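Student: Take this sequence and fold it.
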Amino acid sequence: MKTTFLFLILSLFCFSALAQVPTMPIATPPAPAFSDSERHTELAARRARVAAKMSDNSVLVMFSAEPKLYTGDVDYVFRQENDLFYLTELKEQNISLVIEKKDGKVSETVFLPKRDPRFETWNGKRYSIEDAKRISGIANVVDSSGLDAYLNSLSSDSAAFQSVYLLLPEGENDMEGQREYRREAKFAAGLKKAKPANARPIFDDLRQIKSAYELKLLQHAIDISIEGHMRAWATVGRASWEYEVQAELEYVFKRRNADYWGYPSIVGCGPNATTLHYEESQSPVKAGQLMLIDAAAEYSHYSADITRTFPVNGKFSKEQAEIYQIVYDAQEAAAKTVKPGSTFAEASAAADRVIKDGLFKLGLITDANSPQYRLWYMHGLGHWIGMNVHDVGSYTKPLAPGMVFTIEPGIYIRADALDYLPNTPEAQAFKAKVMPAFEKYKNIGVRIEDDVLVTPDGIKWLSAPLPRKMDEIEKFMQAAPKKVPFGALSPSLFPYARRSAE
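Tutor: Numbers count the residues shown, from 1 in each chain. Take a look at the predicted model:
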């Protein structure tokens, strides 16, 4: 009885304390919802565009992704092959899609594994034929027991089609294709009369322009990511280790029903911010250092990609601010070039000019008209995003409405960078001249990355709600810790605010 009474008193105290905690300044809006009709219209339009690019008397054959081994008899969580999902939104294993084009007429067939009660006892319910029709909008869904016979007919000397489109590796150097499309490559090698054709260029071209439907899904992934970043900022001052900050961030991803992260989260404090793909998250979080977080959620196969760099103690030092301002100005310069008809190269060149001039003024390079700046800024300006975080598409095409990409300049003053210069008179002279500035800015790493959409009028910043300017970051860092509790709480105990209409 005493134990029960004490528990009730403690519970009332906890709920009273939580009620006094102000809500978070921003939270993710509801996920986009689509009717079956809207989804069917979108998917049918995608399939029609693919068929229009196929030659006559051809067939497209698509296989689902293969499970990826984690260890022993444990697989990674299954994720459908992007292009098959792009045309069907079917998520299960062992599904195949066939699109035939003959005499100008197009037919579509989904091959679906037969449901097995024994399998479902262990692994859960699988699609029925009606489920697959409802999701994909494809009327012809058949048992996959007939797939082998169909594939054999395509491989025979009497094949009815001249070309078989498959997702194939693009040469021996295509390591991604070699890993993901092995079944397709093996099938292509066995074709006799029909000729294999690579379908990847078709999808690469179509997926580069995002539809309104896709943009809603991508925006939701971005919104989830923004909330995750804000929670990490708000709680970083109470964290002792990088992995604690990462946990706060990814807690939001899971709570907002993201599929997963779009790529392994990068959470690096101090010197670790100078490593581009730092993923360990095992170092201490120290006041006075910068924290770089490059992390984003994936929702319904669409991945965001956002990076922010901010001071753990909420205030940029003079040296940190000087590096940060160069990166910020470079991002702004690149963004100002973005409009239909401009190019990715023009945006990259604009950012490069700002970084060269800034590094020269700080004494970190001795020649603003040389490649010296690449010692401190060694990656490209950005990349397409979508169903891959580094999505498909050509970087030489002029920008067009519907293209979505990242703008992510950075400067990384790595502590050992000068140690690897060649032992030549020129390199050693350079080292001597920049050493005073190097000692001043050593171990500062800054990257700012935003997701932007090309519009008919120019550019739209999809990740705009997450502060970028130094004064806005500092204001957020001062206010947010008072509003967000540290450590994952049950949603029923901590009501998050919805984002205001503006």
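Student: After the one helix or strand Ile224 maps to, which helix or strand is next? Please name it.
Tutor: Here Ile224 is covered by helix 212-235, with elements defined by DSSP states H and E. Per DSSP H and E, the first helix or strand lying C-terminal to helix 212-235 is helix 242-255.
Student: Quick one: mean pLDDT over that next one.
Tutor: With pLDDT averaged residue by residue, helix 242-255 scores 96.
Student: residues making contact with that helix?
Tutor: Residues from elsewhere that reach helix 242-255, judged by CB atoms under 8 Å, 6 or more residues apart in numbering: 28, 224-225, 227-229, 231-232, 235-236, 239, 260-261, 265, 267-269, 272, 280-285, 291, 293, 295, 297, 486, 488, 491. (Each C-beta comes from the backbone N, C-alpha and C, glycine too.)
Student: Just the buried residues out of those residues, in ChimeraX syntax.
Tutor: A single ChimeraX command selects the buried members of the contacts of helix 242-255 (16 or more other CB atoms under 10 Å):
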select :28,224,225,227,228,229,231,232,235,236,239,261,265,267,268,269,272,281,283,285,291,293,295,297
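Student: count of residues packed around Met435?
Tutor: Residues near Met435, counting by other CB atoms under 10 Å, number 13.
Student: Quick check: closest non-adjacent residue to it.
Tutor: Leaving aside its chain neighbours, Met435 sits nearest to Leu418 (7.4 Å; criterion: CB to CB, 6 or more residues apart in numbering).
Student: Compute the distance between Leu215 and Ile473, please.
Tutor: Noted for Leu215: a distance of 27 Å to Ile473, by CB to CB, to the nearest Å.
Student: Same question for Glu66.
Tutor: For Glu66, the distance to Ile473 (CB to CB) stands at 43 Å.
Student: re earlier: show me what contacts the residue nearest to Met435?
Tutor: Lys431, Val434, Met435, Phe438.
Student: Chain neighbours aside, what residue packs nearest to the last one?
Tutor: Yep, that's Phe438 we're talking about. Leu418 is the one closest to Phe438 (CB to CB, 6+ apart), at 6.3 Å.
Student: Surely that neighbour is in a helix?
Tutor: Yes: according to DSSP: H, G, I helix; E, B strand; the rest coil, Leu418 belongs to a helix.
Student: That one and Ala432, how far apart?
Tutor: Remark: distance between Leu418 and Ala432 (CB to CB) = 10 Å.
Student: Make sure Gly270 is actually in contact with Gln289.
Tutor: Yes: Gly270 is within contact range of Gln289, at 3.7 Å (criterion: CB atoms under 8 Å).
Student: the more surrounded of the two?
Tutor: Set Gly270 next to Gln289 and count neighbours by other CB under 10 Å: Gln289 wins out with 23 against 20.
Student: Pull the residues that contact stretch 311-323.
Tutor: Contacts for stretch 311-323 (CB under 8 Å, 6+ apart): 236-237, 269, 285-291, 324, 362, 411, 413, 440-441, 444, 446, 470, 473-474, 477-478.
Student: Going by neighbour count, which residues of stretch 234-243 are buried?
Tutor: Neighbour-count burial for stretch 234-243, counted by 16+ other CB under 10 Å, picks out Ala234, Thr235, Val236, Gly237, Ala239, Glu242.
Student: returning to that earlier point: among the contacts of stretch 311-323, name the buried ones.
Tutor: 236-237, 269, 285, 289-291, 324, 362, 411, 413, 441, 444, 446, 470, 473-474, 477.
Student: Sort out which of these are in strands and list them.
Tutor: Among these, DSSP state E puts Cys269, Leu290, Met291, Ile411, Val446 in strands.
Student: how far away is the last one from Gly314?
Tutor: With the distance defined as CB to CB, Val446 ends up 16 Å from Gly314.
Student: Could you do Ser64 as well?
Tutor: According to CB to CB, Ser64 stands 48 Å off from Gly314.
Student: Those two: which is more packed in?
Tutor: More neighbours surround Ser64 than the other of Ser64 and Gly314, with 22 against 19 (other CB under 10 Å).
Student: any idea how far Ala432 is from the residue nearest to the more buried one when sequence neighbours are not counted?
Tutor: Spatial nearest neighbour of Ser64, chain neighbours left out: Ile95 (4.6 Å); criterion: CB to CB, 6+ apart. According to CB to CB, Ile95 stands 63 Å off from Ala432.
Student: out of these two, which sits in the busier spot?
Tutor: Using other CB under 10 Å as the criterion, Ile95 and Ala432 rank with Ile95 on top: 27 against 11.
Student: Wait, the more buried one touches Val110, no?
Tutor: Yes: at 6.5 Å, Ile95 and Val110 qualify as touching, with contact defined as CB under 8 Å.
Student: Give me the common contacts of these two.
Tutor: Common contacts of Ile95 and Val110, defined by CB under 8 Å, 6+ apart, comprise Thr88, Ala132.
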